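A.B. asks: structure here, sequence nowhere to be found:
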């Protein structure tokens, strides 16, 4: 992928943030899943299982983070991770792009 240095720095910071968020999610899930399992084993009855709700929550977070998904879509655009996402989409990258750019196109800098 051919990207300018500012795009490379931006993408590194975004990826690093996503890695930290994914790791934090995993740590929380490590502790939350056995608690949900024990609750279901002893107090489950006929209600929906808490354990599966915890698993669905983890899946939703994974889809939102989309840790590596934007890379393959943005290859060759020169716009890095933003080239593989749609501004304002339900992913973290899409929400960051919307906040930074306000849309899919880079803002033009005004030179004097």
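C.D. replies: Thanks, I have the structure now. Because the structure is a prediction, the values reported are computed rather than measured.
A.B. asks: CA atoms for contacts and neighbours, from now on please.
C.D. replies: Noted.
A.B. asks: ok, the closest residue to residue 66 other than its chain neighbours to residue 33 distance?
C.D. replies: Leaving aside its chain neighbours, residue 66 sits nearest to residue 91 (6.6 Å; criterion: CA to CA, 6 or more residues apart in numbering). Distance, residue 91 to residue 33, by CA to CA, to the nearest Å: 24 Å.
A.B. asks: one more: residue 15?
C.D. replies: For residue 15, the distance to residue 33 - CA to CA - is 26 Å.
A.B. asks: my guess is residue 90 contacts residue 65, does it?
C.D. replies: No. Using CA atoms under 8 Å, residue 90 is not in contact with residue 65, being 9.2 Å away.
A.B. asks: after the helix or strand of the chain with the lowest mean pLDDT, next one along is what?
C.D. replies: Lowest on mean pLDDT, DSSP states H and E among the helices and strands of the chain sits helix 69-74, with a mean of 66. Using DSSP states H and E, the next helix or strand after helix 69-74 towards the C-terminus is helix 92-101.
A.B. asks: how far is the longest helix anywhere in the chain from where the chain is centred?
C.D. replies: The longest helix of the chain (DSSP state H) is helix 5-43. Helix 5-43 has its average C-alpha position 10 Å from the chain's average C-alpha position, going by CA atoms, centre = their mean, to the nearest Å.
A.B. asks: mind listing what's buried in it?
C.D. replies: 7-8, 11, 14-15, 18, 21-22, 29, 33, 36-37, 40 (16 or more other CA atoms under 10 Å).
A.B. asks: tell me the first helix or strand C-terminal of it.
C.D. replies: Next element after helix 5-43 (DSSP H and E): helix 50-65.
A.B. asks: list the contacts of that next one.
C.D. replies: 18, 22, 25, 29, 32-33, 36-37, 39-40, 90-93 (CA atoms under 8 Å, 6 or more residues apart in numbering).
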